[in-house]
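A.B. asks: Provide a 3D model corresponding to the input given below.
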Amino acid sequence: MRALVYRAIGLGDLLTGVPALRALRRALPGHQIVLAAPGSQRPLVELVDAVDRLIPTAELEPVAWDGPPPEVGIDLHGNGLASRSLVEALSPGRLLAYDLSTWNPDEHERVRWCRLVASAWDVRADPDDVLLRPPSCAPPVARAAIVHPGAASGSRRWPAERFAAVAAALRDAGEEVVVTGSPDERDLAERVASLAGLRPEAVLAGRTDLGHLAALVADARLVVAGDTGVAHLASAYATPSVLLFGPTPPSRWGPPPGPHTVLWQGTGVGDPHAADPDPALLEITVDEVLMAAYGVLRPGGLSNRTA
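C.D. replies: Down below sits the predicted model:
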């Protein structure tokens, strides 16, 4: 028996879906759990301990399913017809999905998907069950302080100059600072490193796959990032982090309890797809970020705080 889970989105989406995947594993212990997600996520999918097989699938693209229809098809992608129809096309014996009548836009992302699974099988679903096994590979830099300036949209990108000021201050405080990002973010990472006076080797953007990025975060002393996938990796490894939120509030995408400081100056929900940095994000200062960073780095310092 097989259950197909469709969640073909980004890194943060995969990691916020982990609690629901684990709840599904408890609900269907005799099923093979098959996840349709980007193939680049395979190194992390193997660490979830709830997925038996990955079918590489691009966002909102058909699933290359083989054999008889799945006994269960689950849309963990969204609440619209675009993703639900891709699951329906596989003719599952049972379809589990949200629609507009059951979707709560103010619900936290982890809570939302746990609710979907728990309501279907009356199984325990813990939204804070996010921890991953560490990867077997060694981190490219040991005990690093990670500065991650990128994000999927401009509205979630704190200015490069401010990230550089944070990186320089952490370097001056004795931290081994590295700048991470995707291959598309390498120019941004190099700019931050140059402004901070870091060595070229400190730029890891585009030089790590997800497995080595996970190893880097799992071993790191600190992660400084916006509301992006690396922030969720810090949650997955309980790595101290300072997370800069805007335009989306942390009540929807924030970390679980742990050594994480959330900085949020907003009063509502902005446009997560806008090209320019959200005004709430720009309200966060370099001094605030550094104070939070020194707090989570110190034993007994600030943690689990929303400023």
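
A.B. asks: for the spatially closest residue to V286 that is not a sequence neighbour, what are its contacts?
C.D. replies: Using Cβ to Cβ, 6 or more residues apart in numbering and skipping residues adjacent in sequence, the residue nearest V286 is A165, 4.6 Å away. From N, CA and C alone the C-beta is placed, and that goes for glycine too. Residues near A165 by Cβ atoms under 8 Å, 6 or more residues apart in numbering: 195-196, 286.

A.B. asks: Low-confidence ranges, the stretch 1-150 of the chain, go.
C.D. replies: In the predicted model of the stretch 1-150 of the chain, no residue satisfies pLDDT under 70.

A.B. asks: On the three-state scheme, the closest residue to G254 other than its chain neighbours is what?
C.D. replies: Among residues not flanking G254 along the chain, V262 sits closest, at 5.5 Å (Cβ to Cβ, 6+ apart). Secondary structure assignment for V262 (DSSP: H, G, I helix; E, B strand; the rest coil): strand.

A.B. asks: in terms of contact, does V262 touch G246 like I think?
C.D. replies: No - shown here, V262 and G246 do not form a contact pair, counting by Cβ atoms under 8 Å, at 10.9 Å.

A.B. asks: Neighbour count: the two, which is higher?
C.D. replies: Each of V262 and G246 has its neighbours counted (other Cβ atoms under 10 Å); G246 has more, 27 against 21.

A.B. asks: farthest residue from the center of the protein?
C.D. replies: Distance from the C-alpha centroid of the chain, by Cα atoms, centre = their mean, peaks at P68 (32.7 Å).

A.B. asks: What is the helix or strand containing L4 packed up against?
C.D. replies: Per DSSP states H and E: L4 is located in strand 2-6. Under the contact criterion of 3 or more Cβ pairs under 8 Å, 6 or more residues apart in numbering; DSSP states H and E, strand 2-6 touches helix 18-27, strand 32-37, strand 72-75, helix 81-88.

A.B. asks: what about the residue farthest from the centre of the chain, distance to S91?
C.D. replies: Distance of P68 to S91, given as Cβ to Cβ, to the nearest Å: 9 Å.

A.B. asks: cool, and L243?
C.D. replies: Here L243 is placed at a distance of 41 Å from S91 (Cβ to Cβ).

A.B. asks: higher neighbour count, these two?
C.D. replies: L243 (27 against 12).

A.B. asks: and the helix or strand hosting that one, which residues are buried?
C.D. replies: Per DSSP H and E: L243 is located in strand 241-245. Within strand 241-245, the residues scored as buried using 16 or more other Cβ atoms under 10 Å are 241-245.

A.B. asks: try stretch 199-218
C.D. replies: Using 16+ other Cβ under 10 Å as the test for burial, stretch 199-218 gives 202-205, 207-208, 210-218.
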